[in-house]
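pasting the structure only:
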């Protein structure tokens, strides 16, 4: 039966994901899974975040069906940037992350950003071993997406409302988004963010540093100021 096949795939994926999570913990690396639709600003977010956060301590894995364009964009700002081309798959699997780990300089890293394939459905169901799921929702997409695509928002640890510089131009009801989120996930936070103007950057960076300290704790590797 199809249901059993899906359950078996998810179960196998979860086993590998837990192994990935153990590796990240042992290495003192905070892993973040960036999920959103195409064009919401994941790559731009990384281009702006990495130089401020810690460019020589951040690794990026980029998932796309084809090309290495996004990995090439973030590579100048990261310790390492690796492209994972999925072909026909609309999301990353835990085994694809696992296969990449041996070639990554994890001993020298503090953060691992996983830029998932642009998709508002499937990535929310597949654990990659990350510590946190970051969902990007852009203003041009409209304020109805939380209700229409609940899967990823239910699992969100943080939601970045990207391209918020357009709030004065496009019709977008932030209160509607907050109300829809309250029905799905009362534990998450909605952070208005603009990569273009820099709005929300300080809060985002502080959040990342705090979460790494909470997740890694005494094992955390810190850069000497």
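Nice, thanks for sending it over. In this text, all values refer to a predicted model and were calculated from it rather than measured experimentally.

The spatially most central residue of the chain: what's it in contact with?
Taking CA atoms, centre = their mean as the criterion, residue 34 is the residue nearest the geometric centre of the chain, at 1.5 Å. Residues near residue 34 by CB atoms under 8 Å, 6 or more residues apart in numbering: 42, 45-46, 113-116, 134, 136. All C-beta spots, glycine's among them, are computed from the backbone N, C-alpha and C.

same thing with residue 83?
62, 64, 67-68, 70-71.

among those, which are in strands?
62, 64 (DSSP state E).

ok, and the most crowded of the contacts of residue 83?
In terms of neighbours by other CB atoms under 10 Å, those top out with residue 62 at 28 neighbours.

on that earlier part again, please indicate which of the contacts of residue 34 are buried?
Neighbour counting by 16 or more other CB atoms under 10 Å classes 42, 45-46, 113-116, 134, 136 among the contacts of residue 34 as buried.

returning to that earlier point: which of the contacts of residue 34 lies closest to residue 75?
residue 46 (10.3 Å; CB to CB).

Is residue 47 in contact with residue 75, as I believe?
No - with contact defined as CB atoms under 8 Å, residue 47 and residue 75 do not form a contacting pair (10.3 Å).

Which two among the contacts of residue 83 are spaced furthest apart?
Among these, 62 and 67 lie farthest apart (CB to CB), at 9.8 Å.

In the protein, where is pLDDT below threshold?
1-6, 217-225 (pLDDT under 70).
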